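K.L.:
Got a predicted structure plus its sequence, pasted below:
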Amino acid sequence: MRGPVRRIVFVPRFTGLYGPADLYTVPVNLREFASMELCVWSSSGNGSTPATAQYLLQQSTDLENWHDVGNELAPAGNAEMVAERSLDLEWVRLRMQIDGTDPGATGWAVADCVPRESD
């Protein structure tokens with residue numbers, strides 16, 4: 001029997017994301033969950049030139065070594081993308097990267113996490 005689906009907010013609505021460096025969320029322990037439906041959104045940029053945002057889910061067993069899960073999600077400006085992701089390791093985080101001449105965008109990311117089956 002499965003428990004209820006739980007929503008995890010990785011990046012609250014509407015968070016400013018700036019700079020060409022990788023940005024990371026705080027790691028979250030999701031050991032009790034089997035999968036998630038990850039939903040991300042990004043604006044088309046906050047400056048005078050367009051910017052793009054890429055979101056990548058990562059997993060870890062020890063908070064030191066991180067492994068990419070699936071492909072990057074790169075929503076078109078002012079649009080959202082949704083992807084299903086399996087959860088195999090205990091810890092997860094999101095890596096965000098903002099690209100463009102004027103690297104700044106507004107974004108958010110949430111996940112609906114599905115519990116593992118129990119006996």
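P.N.:
Noted; the coordinates are in hand.
K.L.:
Flag every buried residue along the helix or strand hosting Gln97.
P.N.:
Gln97 belongs to strand 91-100 when elements are defined using DSSP states H and E. Using 16 or more other C-beta atoms under 10 Å as the test for burial, strand 91-100 gives Trp91, Val92, Arg93, Leu94, Arg95, Met96, Gln97, Ile98, Gly100. Every C-beta, even on glycine, is put in place using the N, C-alpha and C of the backbone.
K.L.:
List the contacts of the residue nearest to Gln97 when sequence neighbours are not counted.
P.N.:
Nearest residue to Gln97, sequence neighbours excluded (C-beta to C-beta, 6 or more residues apart in numbering): Gln54, at 4.8 Å. By C-beta atoms under 8 Å, 6 or more residues apart in numbering, the contact set of Gln54 is Glu72, Leu73, Ala74, Met96, Gln97, Asp99.
K.L.:
And His67, how far from Pro115?
P.N.:
For His67, the distance to Pro115 equals 22 Å [C-beta to C-beta, to the nearest Å].
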